[in-house]
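Enquirer: A predicted structure for the sequence below; I have some questions about it.
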Amino acid sequence: MTKTTRYGLIIAGLCTFFVVAPALVLYVQGKALNFKNRNTELTGIISVKTNPASANVTVKNEVSVKTPSAIRFLKTGDYDVIVSKTGYKTWHKTLNVIAGKVTYANPNPYPLQLLKDTQAVKLVSDVSAYASLGDKMLYATENMLVLLQPTDGSSITTKTPSIVSSLITDKHSNNVLLIGAQFTGILNTDNMQLLDFSKNTQGNSSTSLASGWIWSLSPSGILTGIQLSKPDKTFSFANDINSFLVQDGDVYYLSKNPDSTQALHHATISGAKLAQDQILATKIPRTEKSTILLDSSKAVYILLDSSLWRVNSHLELLAEKIKQATTSSGTLVYTKPGELWWYESSTNKSHLVTRATEDFSSFYVDPSLDYTFFTGNGKLIALELDDRSGQNRYELLSNPEPINNISVKNSTDIFFRLGKDLYSISVFDN
């Protein structure tokens, strides 16, 4: 190599260094050159992760990339972001980019869930009740119980003495409580063995199954329990009760005070008695209807007629004019006339999901899914919970028949009743 060549390579290397090094510094700092103003300016990033991955992302109809991706060097402002993938619903939102910050397509730390573009499938006709049992499905037809197996689609059946109108599961066992107009029983889904408890208890709206016991509230206000291992004996646990809830070995109940108020108790089950009974709140107004609710964080709520309260060291009013309230998804969800809400217990904040011209008859809200599912005007709707610059709304089904009893199984499939028929829609990937 000649001296001229060596000097040429050195000069070329120095030139490359003085060009590339500043560019790398600007890249790391998230800055872009502004040739018009002859300076550098701080930029922002849009980060998009999806489930499933490899979705197409378009920003302002210009940048097109595959997920997961980070679109860099974006000036402060609003950007139209479209995420699409064959076989899935298209997601569209306007995201605000701030210099020096990362804007995420999904506000929580999980990937953006893309809804499948699939059709509802009819599973069975003339269903009187159904329940999800992990990856299995149990449903009742006329004098028959059917357990669907997820592996091969096969089913196991057993007969019932009469029509079953309600199926109540116990998340800590494979037992299911069956309630009908003329029948109360327990089904063991491992062997499909059916035990008749009709002589021991008459199932009603208060009857529940938890911790190996059938619990019920008598018309005279006595909290009773029948242990599944001792079905011939009924135990009395407390008197003068207005309402109760049993969950994970904990018993919550409202007892009547002499002064026309009531007190909320918390106790544990010890043998055939209540132990460690303590009063969580007292001087609670006695109302015609009272319901105790517990979410997945074990925050306690009371619905008194149409007023919803949270129980802390004192009663805290959350909302009034309540039509329905439930914690079936692990999150407190409630409706007011024409409004659907969910409550975040960790931040003590209520979130308005949506409004409608009519009351919500059936709904399912789980913030971890990023969507809510509800019915209205003969339609089954999936609505995005993230309300930044609007919510993505998808019509999953439209039918003049009433759509009821929405539930979600394994965070992937929606089940519902269309009239008397049971349907399912696969909405998410695993």
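Expert: Sure, I can see it.
Enquirer: now the end-to-end length of stretch 51-64.
Expert: Start and end residues of stretch 51-64 are separated by 18 Å (Cα to Cα, to the nearest Å).
Enquirer: If you could redo that for stretch 191-206, that was the one I meant.
Expert: Note: stretch 191-206 ends 27 Å apart using Cα to Cα.
Enquirer: Also stretch 46-65?
Expert: Start and end residues of stretch 46-65 are separated by 12 Å (Cα to Cα).
Enquirer: ok, residues contacting stretch 262-278?
Expert: Defining contact as Cβ atoms under 8 Å, 6 or more residues apart in numbering, one finds that stretch 262-278 is touched by 211, 213, 225, 227, 235, 237-238, 242, 246, 249-257, 279-286, 290, 292, 300, 302, 311. C-beta here means a position set from N, CA and C on the backbone, and glycine is covered the same way.
Enquirer: Quick check: which ranges of the stretch 101-250 of the chain have low pLDDT?
Expert: Across the stretch 101-250 of the chain, the ranges flagged by pLDDT under 70 are 150-151.
Enquirer: how much space between the residue nearest to the spatial centre of the chain and Ser296?
Expert: Nearest to the geometric centre of the chain sits Asp366, at 1.9 Å (Cα atoms, centre = their mean). Note on Asp366: its distance to Ser296, by Cβ to Cβ, to the nearest Å, is 10 Å.
Enquirer: Would you mark the buried spots in stretch 218-230?
Expert: Within stretch 218-230, the residues scored as buried using 16 or more other Cβ atoms under 10 Å are 218, 223-228.
Enquirer: Just checking: what are the partner strands of the helix or strand that Leu308 is a member of?
Expert: For Leu308, the host element (DSSP states H and E) is strand 307-311. Sheet pairing of strand 307-311 (DSSP bridges) gives strand 300-304 (antiparallel), strand 315-319 (antiparallel).
Enquirer: closest one to Lys75 among these?
Expert: Closest to Lys75 of the strands paired with strand 307-311, according to Cβ to Cβ: strand 315-319, at 41.8 Å.
Enquirer: May I see the buried residues of the strand ranked longest in the chain?
Expert: For the chain, the longest strand by residue count, based on DSSP state E, is strand 273-285. For strand 273-285, the neighbour count (16+ other Cβ under 10 Å) marks 274, 280-281, 284 as buried.
Enquirer: Tabulate those in TSV, adding columns for distance to Gly100 and pLDDT.
Expert: Formatted as TSV, the buried residues of strand 273-285 follow (distance: Cβ to Cβ, whole Å; pLDDT from 0 to 100):
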residue	distance to Gly100	pLDDT
Leu274	57	94
Leu280	47	95
Ala281	47	94
Ile284	50	94
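Enquirer: with those residues in mind, which one is nearest to Pro111?
Expert: Leu280 (39.0 Å).
Enquirer: Test my guess that the closest one contacts Asn312.
Expert: No: between Leu280 and Asn312 there is no contact under Cβ atoms under 8 Å: 9.1 Å.
Enquirer: Skip the chain neighbours and tell me the closest residue to Thr282.
Expert: Ala263 (4.3 Å; Cβ to Cβ, 6 or more residues apart in numbering).
Enquirer: any idea how far the one helix or strand that neighbour maps to is from the chain center?
Expert: According to DSSP H and E, Ala263 maps onto strand 261-270. Here strand 261-270 is found 28 Å from its chain centre; the criterion is Cα atoms, centre = their mean, to the nearest Å.
Enquirer: Touching both of Asp366 and Ser296, which residues are there?
Expert: Common neighbours of Asp366 and Ser296, using Cβ under 8 Å, 6+ apart, are 330-331.
Enquirer: Thank you, goodbye.
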